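S.K.: One predicted model, sequence on top.
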Amino acid sequence: MEEKSLLLEHERLDDLQNGYKLIQNPKQFCFGIDAVLLSWFANVKPGEKVLDMGTGTGIVPVLLKARYPKGHFTGLEIQEESADVARRSVQYNHLEKDITITTGDIKEAASIYGGSFFDVVTTNPPYMVGNHGLTGENRAKIIARHETLCSLEDIISQAAKVLKPRGRFYMVHRPFRLAEILSVMVKYGIEPKRMRLVHPYVDKEPNLVLIEGMRGGKSRITVEKPLIVYEKPGVYTREVLDIYGQEKKK
């Protein structure tokens, strides 16, 4: 299909540098480095079924498809406008057989897909509780950044239901909620297994945390070395450059 027929007013086509492109609307919520780091941190084996909860415009499934061509990826998104953008990106990249976008509520994931259905769940959820830090943003940005439609407990409890036994859970979040994240994961039987803190600069405190959990896993967590994003303002470290560039190599 022609590029123009899939793009609406105010939308643009971003080259992901991995063979795929993503439709984005700058007036709505655009993906950031957290989605890129999540798709890099997650591991998918051939033939596994993956659910991305709160997929937005579908960036994580598309990035994962580039890294893991033999998986099948599903994106769940409550906002029809964002889900429509995601579907058109899937269509543009001819990935209809590999990526499915569902319009639905995270709180109903187990009802939508059934229990113990996915091998992997990924999520880049809203970081802020309620109205914390709320400004005059548009509705799409508010829903993406604030727990207005679902809570951390909603996400983790539903992930535990849709994951197969020993299925893996990957999440990017903010370190200030780490104690809550780990306790809720354990509460619902997703044992934290791996964690990595992300620092903007080597001398700054972390502003993101990447976490892997396993449904029904044993209690043992590996804390990996910190990931530093910038050498200096506007200059990525070699590791982050490799993360962005690795899609091109595969």
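M.R.: Ah, there it is.

S.K.: What distance do you get for the closest residue in space to residue 218 that isn't next to it in sequence to residue 52?
M.R.: Distances taken as Cβ to Cβ, 6 or more residues apart in numbering place residue 191 nearest to residue 218, at 6.6 Å, with adjacent residues excluded. Where C-beta positions appear, they are placed from N, C-alpha and C, glycine not excepted. Separation of residue 191 from residue 52 (Cβ to Cβ, to the nearest Å) stands at 21 Å.

S.K.: With residue 190 instead?
M.R.: Per Cβ to Cβ, residue 190 is found 16 Å from residue 52.

S.K.: and residue 80, how many residues sit next to it?
M.R.: Neighbourhood size, residue 80 [other Cβ atoms under 10 Å]: 9.

S.K.: can you check residue 113 too?
M.R.: Residues near residue 113, counting by other Cβ under 10 Å, number 19.

S.K.: any idea how far the closest residue to it other than its chain neighbours lies from residue 123?
M.R.: Spatially, and ignoring its direct neighbours in sequence, residue 113 is nearest to residue 162 (5.4 Å; Cβ to Cβ, 6+ apart). For residue 162, the distance to residue 123 (Cβ to Cβ) stands at 11 Å.

S.K.: pull the helix or strand with minimum mean pLDDT from this protein.
M.R.: Lowest by mean pLDDT, DSSP states H and E among the helices and strands of the chain is helix 139-145, with a mean of 53.

S.K.: neighbouring contacts of stretch 197-207?
M.R.: Stretch 197-207 is contacted from outside by 37, 174, 175, 208, 209, 210, 226, 227, 228, 229, 230, 232, using Cβ atoms under 8 Å, 6 or more residues apart in numbering.

S.K.: And those residues, which of them are buried?
M.R.: Among those, those that count as buried by neighbour count (16 or more other Cβ atoms under 10 Å) are 37, 175, 208, 209, 210, 227, 228, 229.

S.K.: how close does residue 149 sit to residue 51?
M.R.: For residue 149 relative to residue 51 (Cβ to Cβ), the value is 17 Å.

S.K.: Neighbour count: these two, which is higher?
M.R.: A count of neighbours by other Cβ under 10 Å puts residue 51 above the other of residue 149 and residue 51, at 29 against 16.

S.K.: re the thing from before, partners of the residue nearest to residue 218 in the sheet?
M.R.: Using DSSP bridges, the bridge partners assigned to residue 191 are residue 214.

S.K.: ditto for residue 101
M.R.: For residue 101, the beta-bridge partners under DSSP bridges are residue 75.

S.K.: Mind pulling up the pLDDT for it?
M.R.: Confidence at residue 101, expressed as pLDDT, is 98.

S.K.: Quick check, it in contact with residue 85.
M.R.: No - using Cβ atoms under 8 Å, residue 101 is not in contact with residue 85; the gap is 9.3 Å.

S.K.: Common neighbours of the two, please.
M.R.: Taking Cβ under 8 Å, 6+ apart as the criterion, residue 101 and residue 85 both touch residue 58.

S.K.: so what's the closest residue to residue 116 other than its chain neighbours up against?
M.R.: Leaving aside its sequence neighbours, residue 116 sits nearest to residue 164 (Cβ to Cβ, 6+ apart; 4.8 Å). Residues near residue 164 by Cβ under 8 Å, 6+ apart: 116, 117, 118, 119, 215.

S.K.: State the phi and psi torsions of residue 164.
M.R.: Note on residue 164: its backbone torsions stand at phi -70, psi 160 [degrees, to the nearest 10].

S.K.: Could you point out which residue ranges in this structure have low pLDDT?
M.R.: For the chain, the stretches flagged by pLDDT under 70 are 1-4, 130-148, 246-250.

S.K.: Residue 191 and residue 52: which is more packed in?
M.R.: residue 52 (32 against 19).
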